[in-house]
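Engineer: build me a model from this:
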Amino acid sequence: MADFVGAVDQGTTSTRFMIFDHGGNEVGRHQLEHSQILPQAGWVEHNPVEIWERTTSVIRTAMNALGLEASDLAALGITNQRETSVVWNRRTGRPYYNAIVWQDTRTDQIASALDRDGRGDVIRRKAGLPPATYFSAGKVQWILDHVDGVREAAERGDALFGNTDTWLLWNLTGGTQGGVHITDVTNASRTMLMDLETLDWDDELLSFFGIPRAMLPEIRPSSDPGKYGVTQAFGPLGGEVPITADLGDQQAATVGQVCFAPGEAKNTYGTGNFMLLNTGTDIVRSNNGLLTTVAYKFGTEPAVYALEGSIAVTGSAVQWLRDQLGIISGAAQSEALARQVDDNGGVYFVPAFSGLFAPYWRSDARGAIVGLSRYNTNAHVARATLEAICYQSRDVAEAMAQDSGVTLDVLKVDGGVTANSLCMQLQADILGVPVSRPVVSETTALGAAYAAGLAVGFWKSADELRENWHEDQRWEPTWTEERRADGYAKWKKAVSRTLDWVDVG
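Structural biologist: A predicted model of the protein is given here:
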């Protein structure tokens with residue numbers, strides 16, 4: 001029997017391939033960044049061909065480093081940056097346009113028009129999402145409306161749509177030589193096109209965006225014993241491996257953190273922050289700016305749903321300090337710089353670079369640093385950046401408590417920013433609850449591996465996965481309640497300064 005499971009983690013800034021053993025331990029990985037294409041203010045794109053090339057490279061490199069062959073993998077799972085939309089030609093395999101990234105705001109007029117005429121309420125009811133630039137459907141409409149020949153190609157069945165999971169699945173299973181056109185329920189639930197109750201594409205929602213149904217992939221469970229397809233011998237693995245799992249990155253992290261019981265929550269710190277609260281088989285509608293989404297669906301079992309708070313800019317705010325301001329040379333330096341001061345010196349940074357996501361959903365907001373005086377230094381700005389990550393997460397936690405009645409006893413955390421010990425301490429202080437990081441902090445890839453392994457019997461049950469989870473570090477709150485309340489009040493005041501900055505038609 002094969003000893004390992006592989007996972008492709010196609011993220012916003014990079015693609016990695018990770019290999020796990022039966023204990024859920026990482027045994028190998030390789031990772032490569034891809035280009036961030038910024039044609040104009042508010043536009044964010046990726047080159048899908050570059051992403052596919054990076055994917056093949058990281059798979060080959062990781063496998064070769066361990067001397068593994070395709071037969072050593074029991075299964076392969078995929079997880080991906082959600083809502084980032086690709087449209088390509090099924091005959092040539094070439095994209096018609098760059099992938100439009102989830103952070104992109106060019107579709108703000110499409111989103112605002114939906115809310116003005118009442119269609120937005122239908123989208124909220126059926127898809128569990130507010131009309132927003134974040135989700136896939138507006139991006140597909142933009143490509144259909146603005147790229148010559150795509151609508152005609154879509155009408156005749158030549159133009160295919162998918163988030164990056166579907167793009168990779170199609171290529172891994174053969175591309176123009178028989179590649180499968182498939183997505184899973186978690187990715188489909190991020191498009192504004194799937195009905196949460198039927199778990200199928202909805203004709204009324206499709207009509208809102210003028211998207212032909214023929215463009216859309218087949219929706220399958222997140223973990224599928226029937227498999228989506230197999231890798232091809234001419235592909236990066238050099239042999240056939242069953243692909244049995246596909247989940248959006250935040251849902252994959254929920255599985256990796258073994259949040260299988262209603263009321264369990266995790267927060268992933270990456271380019272953005274994403275907090276998910278398991279609500280079981282119940283669809284909980286949000287009245288406080290959260291998303292209702294599918295958490296996962298394992299085989300023929302009922303779908304499990306979640307409330308999600310999506311925050312656009314957290315880790316990428318640290319990148320901004322490095323790349324645009326030049327006050328740090330690397331992400332790790334943000335902690336050392338922020339530790340030079342005992343507090344934020346009155347500085348608050350709201351990184352609303354592409355508007356505000358949950359719980360505000362304000363595409364008219366833009367970033368602001370407020371409270372500056374001549375006393376302040378770049379260390380205060382660095383600390384305010386870390387605090388912004390944590391305050392935005394508190395905004396979401398407060399909304400979750402109001403929607404679900406669940407207050408967190410502990411917050412499970414994962415993702416790259418969790419390596420920043422000061423940021424995690426600030427998170428505990430700002431939330432007022434302990435913060436817990438697992439031994440395997442890259443739970444996104446781990447969750448995709450778990451879902452793939454479950455489908456083929458590599459792991460027998462969710463209980464077996466729970467036994468693999470071990471705490472690495474815990475941060476306890478140290479702030480007084482008075483300091484916590486004062487800081488949060490000033491944060492809310494800072495957020496108010498970012499609103500109504502951009503005119504949205």
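
Engineer: surely Thr107 and Ile143 touch.
Structural biologist: No - counting by Cβ atoms under 8 Å, Thr107 sits too far from Ile143 to count as a contact (10.3 Å). C-beta: built from backbone N, CA, C; applies to glycine.

Engineer: so what's in contact with the two at the same time?
Structural biologist: The contact sets of Thr107 and Ile143 do not overlap (Cβ atoms under 8 Å, 6 or more residues apart in numbering).

Engineer: run through the bridge partners of Thr292.
Structural biologist: Assessed by DSSP bridges, Thr292 has beta-bridge partners Leu307.

Engineer: hang on, it packs against Asp282?
Structural biologist: No - judged on Cβ under 8 Å, Thr292 makes no contact with Asp282 at a distance of 10.0 Å.

Engineer: what about those two, which has more around it?
Structural biologist: Counted by other Cβ atoms under 10 Å, Thr292 and Asp282 do not tie: Thr292 has more neighbours, with 22 against 11.

Engineer: give me the pLDDT for that one.
Structural biologist: Listed pLDDT for Thr292 reads 94.

Engineer: which residue ranges of the stretch 101-250 of the chain form strands?
Structural biologist: Along the stretch 101-250 of the chain, counting by DSSP state E, counting those that start in this stretch, strands occupy 159-163, 182-184, 194-195, 200-201, 218-220, 229-230, 242-248.

Engineer: give the buried residues for the longest helix seen in the chain.
Structural biologist: In the chain, with assignment by DSSP state H, the single longest helix is helix 378-404. Neighbour-count burial for helix 378-404, counted by 16 or more other Cβ atoms under 10 Å, picks out 378-400, 403-404.

Engineer: list the helices and strands that helix packs on?
Structural biologist: Packing contacts for helix 378-404, counted by 3 or more Cβ pairs under 8 Å, 6 or more residues apart in numbering; DSSP states H and E, involve strand 265-269, strand 273-280, strand 304-311, helix 315-320, helix 333-338, strand 348-350, helix 421-431, helix 481-496.

Engineer: dump the longest one to PDB, keeping only the CA atoms.
Structural biologist: Spelled out, it's helix 481-496. Extracted in PDB, the C-alpha atoms of helix 481-496 (Å, rounded to 0.1, in the frame of the first residue of the first chain):
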ATOM      1  CA  GLU A 481     -10.700  44.400  30.000                       C
ATOM      2  CA  GLU A 482     -10.400  48.200  30.100                       C
ATOM      3  CA  ARG A 483      -7.400  48.200  27.700                       C
ATOM      4  CA  ARG A 484      -9.200  45.700  25.400                       C
ATOM      5  CA  ALA A 485     -12.300  47.800  25.200                       C
ATOM      6  CA  ASP A 486     -10.500  51.100  24.700                       C
ATOM      7  CA  GLY A 487      -8.400  49.700  21.900                       C
ATOM      8  CA  TYR A 488     -11.400  48.200  20.100                       C
ATOM      9  CA  ALA A 489     -13.300  51.500  20.400                       C
ATOM     10  CA  LYS A 490     -10.500  53.400  18.700                       C
ATOM     11  CA  TRP A 491     -10.200  50.700  16.000                       C
ATOM     12  CA  LYS A 492     -13.900  51.100  15.200                       C
ATOM     13  CA  LYS A 493     -13.300  54.900  15.000                       C
ATOM     14  CA  ALA A 494     -10.400  54.300  12.600                       C
ATOM     15  CA  VAL A 495     -12.600  52.100  10.400                       C
ATOM     16  CA  SER A 496     -15.100  54.900  10.100                       C
END
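
Engineer: tell me the buried residues in that helix?
Structural biologist: Arg484, Gly487, Tyr488, Lys490, Trp491, Ala494, Val495.

Engineer: where does the protein dip in pLDDT?
Structural biologist: 1, 504-505 (pLDDT under 70).

Engineer: and if we set it to 80?
Structural biologist: When residues are selected by pLDDT under 80, those of the chain lie in 1, 441, 504-505.

Engineer: where exactly do the helices run in the stretch 1-150 of the chain?
Structural biologist: Secondary structure of the stretch 1-150 of the chain, counting by DSSP state H, counting those that start in this stretch: helices at 48-66, 108-116, 119-127, 136-146, 150-155.

Engineer: quick one: the second one to helix 136-146, angle?
Structural biologist: Spelled out, it's helix 108-116. Counting by axes from the mean of the first three to the mean of the last three Cα atoms, to 10 degrees, helix 108-116 points 120 degrees away from the direction of helix 136-146.

Engineer: so what secondary structure elements neighbour helix 108-116?
Structural biologist: helix 136-146.

Engineer: likewise the last one?
Structural biologist: Contacting helix 150-155 under the criterion 3+ Cβ pairs under 8 Å, 6+ apart are the following elements: strand 85-89, helix 136-146.

Engineer: list the helices and strands the last one packs on?
Structural biologist: Helices and strands in packing contact with helix 136-146 are listed as strand 85-89, strand 99-100, helix 108-116, helix 150-155, strand 159-163, helix 203-209; criterion 3+ Cβ pairs under 8 Å, 6+ apart.

Engineer: then the first one?
Structural biologist: Where contact means 3+ Cβ pairs under 8 Å, 6+ apart, strand 85-89 is packed against strand 99-100, helix 136-146, helix 150-155, strand 159-163, helix 164-172.

Engineer: to Ile327, which of those lies closest?
Structural biologist: strand 99-100 (30.3 Å; Cβ to Cβ).

Engineer: could you name the helices and strands sitting against that closest one?
Structural biologist: Using 3+ Cβ pairs under 8 Å, 6+ apart, the elements in contact with strand 99-100 are strand 45-46, strand 85-89, helix 136-146.
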